[in-house]
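**Q** sequence unavailable; structure follows:
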């Protein structure tokens with residue numbers, strides 16, 4: 001029962017997200033009230049469940065890559081052999097997030113073409129900083145005495161990393177991953193500007209056609225998705 005109540009909030013948010021994706025078209029009367037002069041107020045080009053799945057897939061792929069690169073780089077520069085690269089890795093991660101995602105898309109399109117691949121590259125670069133920063137903070141906060149104790153009982157450097165350092169640093173690492181993924185759920189919407197199918201499609205279409213109803217539909221689903229994921233991370237972290 002305790003486990004059920006622990007999972008209830010993210011499950012409830014997920015159910016609300018799914019219901020919204022399925023039943024937003026049935027709220028045509030509400031959106032007609034927002035745009036009384038328009039004949040079409042429900043985004044007509046793709047179904048919301050399909051856009052939701054495609055949006056989630058892009059975010060998931062970029063998150064896996066960002067976590068792999070970010071955590072791996074942070075571990076590498078906290079080892080003796082790689083500590084001289086610590087300032088470089090920190091600076092590169094910071095540049096990745098300060099560089100506008102739209103500019104990354106503009107640079108990636110000539111090499112990767114239009115579509116999801118360029119969006120994934122932009123999201124990976126944009127999502128690295130929180131992961132690298134938090135992983136570094138978590139690993140550097142491990143007490144030196146604990147590490148000496150681990151070596152004293154005969155643990156190898158790899159065993160010390162897996163059995164001591166990463167478990168201690170896990171809350172900080174999960175916090176960085178949570179921030180990165182949540183931010184990129186919203187950022188992924190810009191992928192619609194280069195032909196990727198995301199929940200940004202109705203938002204972009206609404207802006208282009210000056211249709212508030214389209215924009216609101218995309219924003220509702222992105223907001224619910226971000227809250228669902230953040231709620232799930234809050235139960236894990």
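**A** Received the coordinates, thanks. Source: prediction; values computed, not measured.
**Q** show me the contacts for the nearest residue to residue 168 once chain neighbours are set aside.
**A** Distances taken as CB to CB, 6 or more residues apart in numbering place residue 142 nearest to residue 168, at 5.1 Å, with adjacent residues excluded. In short, each C-beta sits where N, CA and C put it, glycine included. Listed by CB atoms under 8 Å, 6 or more residues apart in numbering, the contact set of residue 142 reads 164, 165, 168, 169.
**Q** could you dump those residues into TSV and include distance to residue 179, pLDDT and secondary structure?
**A** Below are the contacts of residue 142 laid out as TSV (distance: CB to CB, whole Å; pLDDT from 0 to 100; DSSP: H, G, I helix; E, B strand; the rest coil):
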residue	distance to residue 179	pLDDT	secondary structure
164	25	90	helix
165	21	90	helix
168	20	92	helix
169	15	93	helix
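**Q** could you check the pLDDT of the residue nearest to residue 168?
**A** Note for residue 142: predicted pLDDT of 88.
**Q** give me phi/psi at residue 199?
**A** phi -70, psi 0 (degrees, to the nearest 10).
**Q** residues contacting it?
**A** Going by CB under 8 Å, 6+ apart, residue 199 touches 48, 51, 52, 55, 188, 189, 218, 221, 222, 225.
**Q** ok, residue 11 to residue 171 distance?
**A** 23 Å (CB to CB, to the nearest Å).
**Q** now do residue 152
**A** Using CB to CB, residue 152 is found at 25 Å from residue 171.
**Q** compare the two (neighbour count), which wins?
**A** Legend: neighbour count by other CB atoms under 10 Å for residue 152 and residue 171, higher for residue 171 (12 against 8).
**Q** let's verify that one: helix, strand, or coil?
**A** Under DSSP: H, G, I helix; E, B strand; the rest coil, residue 171 falls in the helix class.
**Q** I figured it hits residue 138, correct?
**A** Yes: at 7.2 Å, residue 171 counts as touching residue 138 under the criterion of CB atoms under 8 Å.
**Q** could you point out the helix or strand that follows the helix ranked longest in the chain?
**A** If you go by DSSP state H, the chain has its longest helix at helix 48-77. Counting by DSSP states H and E, the next helix or strand C-terminal to helix 48-77 is helix 86-98.
**Q** can you spell out which helices and strands pack onto that following helix?
**A** helix 48-77, helix 116-140 (3 or more CB pairs under 8 Å, 6 or more residues apart in numbering; DSSP states H and E).
**Q** pull out the buried positions in the shortest one.
**A** Neighbour counts using 16 or more other CB atoms under 10 Å place 116-136, 138-139 of helix 116-140 among the buried residues.
**Q** averaged pLDDT, stretch 221-231. What do you get?
**A** Here stretch 221-231 scores 94 as its mean pLDDT.
**Q** over to stretch 69-76?
**A** What stretch 69-76 shows for mean pLDDT is 92.
**Q** residue closest to the middle of the chain?
**A** Centre of the chain computed as the mean C-alpha position; nearest residue by CA atoms, centre = their mean is residue 181, 1.9 Å away.
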